[in-house]
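[1] My questions concern the predicted model and sequence given below.
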Amino acid sequence: MGRPNKYLTNVKPRFAEIMDWLQIGVTDKEIAENLGINKATFCEYKKQYNELNELYKKGRRMPVQAIKSALFKRATGFTYSEKKTVIEYEEWSDEVKDLLVQMGIDVDTVEKRKLVRVELYEKNALPDPASAMILLKHWDKDQEWTQDPASLRLKKEELELKKKQIESEVW
């Protein structure tokens, strides 16, 4: 008799956890380890059980959308706010120190005043050409997008020559 199927004991009851893991980008190997099964077994279960395969696809949609959105922002440029906290220490002048001493105040305990100032900056991230190229390659399938058009043209010509060479040879 073979080993018991861990799908029913280790995988199916933990679908909610698997969905959470998929949405935060946990790898197949890590999921398998968390479930106490081998990665190859987990991959076989994905092929064998349609409900797990569908769960897997659904769980990966959100991270993929987030990556696409971030890539689009990088490709087109964006504005963001940056907060900077500045701490400054202010020294008392000698006249003020003398006046405080005359009033009976211990100057050492109040000598350095700490000023905290929060500065907000609006910054622009310029469009990133590499991100734009990636998006164009994947979204605009009708066009051949490349950073080196001359190289692409040469590769196409080379391919045409190879095709002609193959056609001319007798098999």
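    Sure thing, it's come through.
[2] make it CA atoms for all contacts and neighbour counts henceforth
    OK.
[3] buried residues in the biggest helix by length in the chain?
    Ranked by residue count, the top helix of the chain under DSSP state H comes out as helix 50-76. Using 16 or more other CA atoms under 10 Å as the test for burial, helix 50-76 gives 52, 55-56, 59-60, 71-75.
[4] TSV for those, including pLDDT and distance to Val96?
    Output for those, formatted as TSV (pLDDT from 0 to 100; distance: CA to CA, whole Å):
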residue	pLDDT	distance to Val96
Leu52	93	75
Leu55	93	71
Tyr56	90	70
Gly59	91	66
Arg60	88	65
Leu71	90	57
Phe72	92	58
Lys73	93	54
Arg74	93	53
Ala75	92	56
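[5] Local confidence estimate at the residue located most distally from the centre of the chain?
    Most distant from the centre of the chain: Gln102, at 61.3 Å, with distances by CA atoms, centre = their mean. Note for Gln102: predicted pLDDT of 89.
[6] Can I take it that Val116 is in a helix?
    No - assessed with DSSP: H, G, I helix; E, B strand; the rest coil, Val116 is strand; it does not lie in a helix.
[7] isn't it right up against Lys84?
    No - counting by CA atoms under 8 Å, Val116 sits too far from Lys84 to count as a contact (10.5 Å).
[8] How is the protein divided into domains?
    Recorded structural domains for the chain (assignment: automatic domain parsing) are 6-75, 78-125.
[9] Tell me where the model's unsure across the protein.
    By pLDDT under 70, the weakly predicted segments of the chain are 1-2, 110-113, 140-149, 170-171.
[10] Now do the strands in it.
    78-90, 113-125 (DSSP state E).
[11] Can you give the distance of the first one from its chain's centre?
    Computed by CA atoms, centre = their mean, to the nearest Å, the separation of strand 78-90 from the middle of its chain amounts to 25 Å.
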